[in-house]
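Asks: How does the following fold in three dimensions:
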Amino acid sequence: MESPQGKKFLRILQNSLSPFENFVAKLDIDEPLNLVDNRQYIIKQLIDLLNFENPAKIIPIAGDTGQGKTYICWEIKKNLQIHGSPIFFQVPANSKLFYYDLYTKIIEEIGAEKLRDITTKISNRWGASEIKYGLFRTTNSEKVISRAKLTTRYKWSKYPKELEDCIRAIIIHAMDPEASHLAERWLLGEIMDSDELFFLGIENNLSAKVVAEELLKLIADYLDDGIYLIYDDLDKNWVNFSHIQDIDDDWANSLEEDSPDVSSSSTDISFFEQLVQVLNELNKVKIVFTMDYSSKDEILSHFPESIADFISPIIPLNNFSSRDTKQYYKEALKLYLKKNQMDYDLKNPLFPLNEIILKGVFRKIHGNPRLVIREFQQIFDEIIFDGVSISELEAKYSLY
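Replies: Below is the predicted model of the structure:
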């Protein structure tokens, strides 16, 4: 590293993280690198499954530890070619929170402005557009609520009180200028006190049993694009799902022991059956989840046999090839140099390493992406802190 560029590069390395220090994705931390060829092919498969009409509603992805399952989740989330809203989900700790968590995450994704468009469209369907005064329609919202209660959905509902709360909130949000803001807070999932609920004429908070489920059914048909629920490491997380875990006292009073028995139809079924119930009730939803390859048979066995045709073949994650390993190294190096305002050396694109070392890394690690990253980290630490020369690294990695 006697060249001016080599000396500058070494100085930067000594005073900052290495090019491979932050490249292990987590659900709250993206890995900001371009896809290697192997992963581009996988993303193409996922785009086809998500964008186009096909029977597959459940898309399992399987890979061993360190093969990049979370990284693939981020690539789904970021991909602009996917026509819909990919949303990260955690398995809720309690079955009572399943639909509340699902609804609030979807609403957070689509935003308050889109929510108003949806409530306006639904209210118009119930007759709110017949008389208009300025920005808001007729203030006779009770008349529109009465019309909504004549619909088949309401007449056949198992939970008419909870459904009426949803109907009332939607119509007030769309029609009533004085209470619209309060109704929007309710629709966004805020927990409201008894005075606020009384002002709206609503009995339950959105967190109460069944309410979020009923509301999600009402708005789902008005979502323009698909909703893609992404569960990372489902095999490790679904076991946290419980029907008996206590809920904090801040939740709605309908969850208290003396509340009426209006349990969601999903209360006594498994997490996997709840996922299937969501797919049956919401046409625009698809589910993507990752799991360890060793867990695939167990996880898939939890889904009812009746929906086997709706589960796509497992998309396997493979280790990097020698070419992928080299491509990954180059992409990480380019990003690092760009961040540190250094030019990428087109004549020596692997600088400070070389082909011999990269091929040795691949042979040693056998292409596991996480272990490849760690090996590159170790190499750069040896260069920076131990003064190991490139010739010494060549000798070391030529042995593999």
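
Asks: confidence score at residue 267?
Replies: As predicted, residue 267 sits at a pLDDT of 42.

Asks: and if you look at the one 5 residues further on?
Replies: Among the per-residue scores, residue 272 shows a pLDDT of 92.

Asks: Just the element for it, please.
Replies: Following DSSP states H and E, one finds residue 272 within helix 271-281.

Asks: Now the element after that helix, going C-ward?
Replies: strand 285-292.

Asks: what helices or strands is that following strand leaning on?
Replies: Judged by 3 or more C-beta pairs under 8 Å, 6 or more residues apart in numbering; DSSP states H and E, strand 285-292 is in contact with helix 37-51, strand 58-63, helix 69-78, strand 226-231, helix 234-237, helix 271-281. Where C-beta positions appear, they are placed from N, C-alpha and C, glycine not excepted.

Asks: Is residue 115 in a helix, a strand, or coil?
Replies: Three-state assignment for residue 115 (DSSP: H, G, I helix; E, B strand; the rest coil): helix.

Asks: Need the pLDDT of it.
Replies: So, for residue 115, pLDDT stands at 94.

Asks: Could you double-check that residue 351 sits in contact with residue 345?
Replies: Yes - the criterion here is C-beta atoms under 8 Å, and residue 351 meets it with residue 345 at 5.1 Å.

Asks: picking that back up, who are the packing partners of the helix holding residue 272?
Replies: With contacts taken as 3+ C-beta pairs under 8 Å, 6+ apart, helix 271-281 sits against helix 98-125, helix 211-220, strand 285-292.

Asks: Turn the ones you listed into JSON lines, columns for mean neighbour count and distance to residue 193.
Replies: Formatted as JSON lines, the helices and strands packed on helix 271-281 follow (neighbours: other C-beta atoms under 10 Å; distance: least, C-beta to C-beta, whole Å):
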{"stretch": "helix 98-125", "mean neighbour count": "18", "distance to residue 193": "18"}
{"stretch": "helix 211-220", "mean neighbour count": "22", "distance to residue 193": "16"}
{"stretch": "strand 285-292", "mean neighbour count": "22", "distance to residue 193": "32"}
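
Asks: Would you mind giving these as a markdown table with distance to residue 339 added?
Replies: A markdown table is the format used below for those (distance: least, C-beta to C-beta, whole Å):
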| stretch | distance to residue 339 |
| --- | --- |
| helix 98-125 | 30 |
| helix 211-220 | 42 |
| strand 285-292 | 29 |
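
Asks: all strands of the stretch 251-400 of the chain, in order?
Replies: 285-292, 315-316 (DSSP state E, counting those that start in this stretch).

Asks: Give me the contact list for the shortest one.
Replies: The one in question is strand 315-316. Here strand 315-316 makes contact (C-beta atoms under 8 Å, 6 or more residues apart in numbering) with 42, 45, 46, 59, 60, 61, 62, 63, 293.

Asks: Let me know the average pLDDT across it.
Replies: pLDDT averaged over strand 315-316 gives 96.

Asks: same deal with stretch 73-85?
Replies: 88.

Asks: on that earlier part again, Provide a PyMOL selection command restricted to the buried entries of the contacts of strand 315-316.
Replies: The PyMOL selection below is limited to those of the contacts of strand 315-316 classed as buried (16 or more other C-beta atoms under 10 Å):
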select buried, resi 42+46+59+60+61+62+63+293
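
Asks: got any ranges where the stretch 201-350 of the chain has weak pLDDT?
Replies: Within the stretch 201-350 of the chain, the segments meeting pLDDT under 70 span 242-269, 346.

Asks: check contacts around the nearest residue to residue 202 once chain neighbours are set aside.
Replies: Once flanking residues are discounted, residue 202 sits nearest to residue 165: 4.7 Å by C-beta to C-beta, 6 or more residues apart in numbering. The contact partners of residue 165, by C-beta under 8 Å, 6+ apart, come to 202, 203, 204, 211.
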